[in-house]
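Trainee: attaching a predicted model along with its sequence, questions to come.
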Amino acid sequence: MILCAGESLIDMVPEGALYRPLPGGSVYNTAIALGRMGARAGYLWPISRDTFGEMLLRPLAEAGVDTGLCPRSDRLTTLAFVTLTGGEARYAFYDEGSAGRMLAPEDLPEIPDAVSALFIGGISLVPDPCGAAVEALVERVRHRIPVMLDPNIRPFFIADETAYRARLDRLFGMVDLVKLSGDDLDWLMPGKTFEQAAAAILDRGPRVVFQTGGSTGARAHWSGEPLAAPAMQVEVADTIGAGDTFNAGVLAALDRAGVLSRKGLDALTAGA
C-alpha cells in the first residue's frame, strides 16, 4: 500500500460572485488519484468531525483509499480560498488551529508492514507541530520503504522561511524521489537552472528528481541522462490538482513496474 501523509482541506473555488467548496489538498489529491488509478493507497491525516470533514471522507471511500490510519478530530477543517488567473490557481489559507495543523509527532500511529511506500509534501511540511510530525514519520520509515516528496511550495504560507528551508534540506537527505515545478525551483534555488538544482538535490541522496513544466512536458533527472516526456496538448480549465495527479501517476507506474521498493530504486533503469 502506498501511504500518503499530509494535508486535506476544502478548496473554496470561485463561481461567479460565490464560492463552491470542493475537497482538496496536495497530499489528499495524490491519494485520491492513486486510488482512481487502481493502486492500493492509504491516507494518514487528522479528519475533522465537522461537515467539511465528512465531505473529505466521501471521495476517499469512493476511490478505495484506506483511511484506517486517519485520526478524527474536533478541530475545524482547513479552508483554502482559490483565485484563478489565466487558469493558474493561487490560494489564501485559513489554517490556524485546524485539525491537520495540530497533528504532533506523538500522535502518529504505528505504520503497518503493508505500507510499501510513503508520499509527503504540500503545506503540511511548513508549520509545526504537523511539519515536525511528517518529518518524524519519514525518519521512522525511510530505511524500510521508499519516500517521495513534492514540496509544492506556497510562499505566502511560509512564516519562517529559514526553518522551512532547513526542513526541506533535511528531507532531501532522507527521501528517494522528489518532484519540483518551475514555481518550486524559483523559490527554492533562485537563479539556478533546473539541471543545476536537480544535481544539487541528487547529491543529497534522492534517486530521481522529477521536473514538471506544464505545456513543455516533464523530465526525470537521475544517475543517467535526463529523460523527457512530452505534454498532451489540451484546453486548460484550471491547474488545481495537476501536479498532485502527476505524483500519483509516477508512484502508480513505478509500483506497476515492480520497482517501488528500496531494492528496485537502487537498480532503476531508463526503461523503468
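Mentor: That came through, no problem.
Trainee: residue contacts, D184?
Mentor: D184 sits next to 151-153 when contact means CB atoms under 8 Å, 6 or more residues apart in numbering. Using the backbone N, CA and C atoms, a C-beta is placed for each residue, glycine as well.
Trainee: next, the buried residues of the helix or strand of the chain with the lowest mean pLDDT.
Mentor: Within the chain, no helix or strand scores below strand 88-94, which has a mean of 81 by mean pLDDT, DSSP states H and E. Judged by neighbour count using 16 or more other CB atoms under 10 Å, the buried positions of strand 88-94 are 89, 91, 93.
Trainee: show me the contact partners of stretch 207-217.
Mentor: With CB under 8 Å, 6+ apart as the test, stretch 207-217 has contacts from 176-182, 194, 197-198, 201-202, 218-223, 228-231, 233, 239, 243, 246, 250, 265-266, 268.
Trainee: show me the residues you listed that map onto strands.
Mentor: When those are checked against strands (DSSP state E), the matches are 177-181, 218-221, 228-229.
Trainee: and of those, the nearest to S48?
Mentor: K179 (27.8 Å; CB to CB).
Trainee: neighbours around the residue lying closest to L84 once chain neighbours are set aside, how many?
Mentor: In space, and not counting its chain neighbours, L84 is closest to D238: 5.6 Å by CB to CB, 6 or more residues apart in numbering. By other CB atoms under 10 Å, 13 other residues sit near D238.
Trainee: next: L76.
Mentor: 19.
Trainee: can you give me the distance of it to R142?
Mentor: Distance, L76 to R142, using CB to CB, to the nearest Å: 32 Å.
Trainee: before we move on, what about A163?
Mentor: 21 Å.
Trainee: out of these two, which sits in the busier spot?
Mentor: Neighbours were counted for A163 and for R142 using other CB under 10 Å; R142 has more, 18 against 14.
Trainee: so where's the protein shaky on pLDDT?
Mentor: 87 (pLDDT under 70).
Trainee: give me the buried subset of the ones in strands among the contacts of stretch 207-217.
Mentor: 177-181, 218-221.
Trainee: turn the residues you listed into JSON lines, including distance to M55.
Mentor: Shown next, in JSON lines, are these (distance: CB to CB, whole Å):
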{"residue": "L177", "distance to M55": "30"}
{"residue": "V178", "distance to M55": "31"}
{"residue": "K179", "distance to M55": "27"}
{"residue": "L180", "distance to M55": "30"}
{"residue": "S181", "distance to M55": "27"}
{"residue": "A218", "distance to M55": "31"}
{"residue": "R219", "distance to M55": "36"}
{"residue": "A220", "distance to M55": "35"}
{"residue": "H221", "distance to M55": "38"}
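Trainee: nearest to P14 among the residues you listed?
Mentor: Among those, and counting by CB to CB, the member closest to P14 is S181, at 22.4 Å.
Trainee: OK, contacts around that closest one?
Mentor: Taking CB under 8 Å, 6+ apart as the test, what S181 contacts is 152, 211-213, 243.
Trainee: likewise A248?
Mentor: 29-31, 33-34, 37, 39.
Trainee: now the residues you listed as CSV including secondary structure, neighbour count and distance to E106?
Mentor: Listed next are the contacts of A248 as CSV, based on DSSP: H, G, I helix; E, B strand; the rest coil; neighbours: other CB atoms under 10 Å; distance: CB to CB, whole Å:
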residue, secondary structure, neighbour count, distance to E106
N29, helix, 27, 27
T30, helix, 32, 25
A31, helix, 32, 23
A33, helix, 23, 30
L34, helix, 30, 28
M37, coil, 17, 33
A39, coil, 24, 30
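Trainee: quick check: the farthest pair among the residues you listed?
Mentor: The largest separation in the contacts of A248, counting by CB to CB, is between N29 and A39 at 14.0 Å.
Trainee: helices of the stretch 101-250 of the chain, residue ranges please.
Mentor: 130-141, 161-172, 182-188, 194-202, 242-256 (DSSP state H, counting those that start in this stretch).
Trainee: of all those helices, which one is nearest M55?
Mentor: It is, among the helices of the stretch 101-250 of the chain and with distance given as CB to CB, helix 242-256, at 17.7 Å.
Trainee: the closest one versus strand 177-181: what angle between them?
Mentor: 150 degrees (axes from the mean of the first three to the mean of the last three CA atoms, to 10 degrees).
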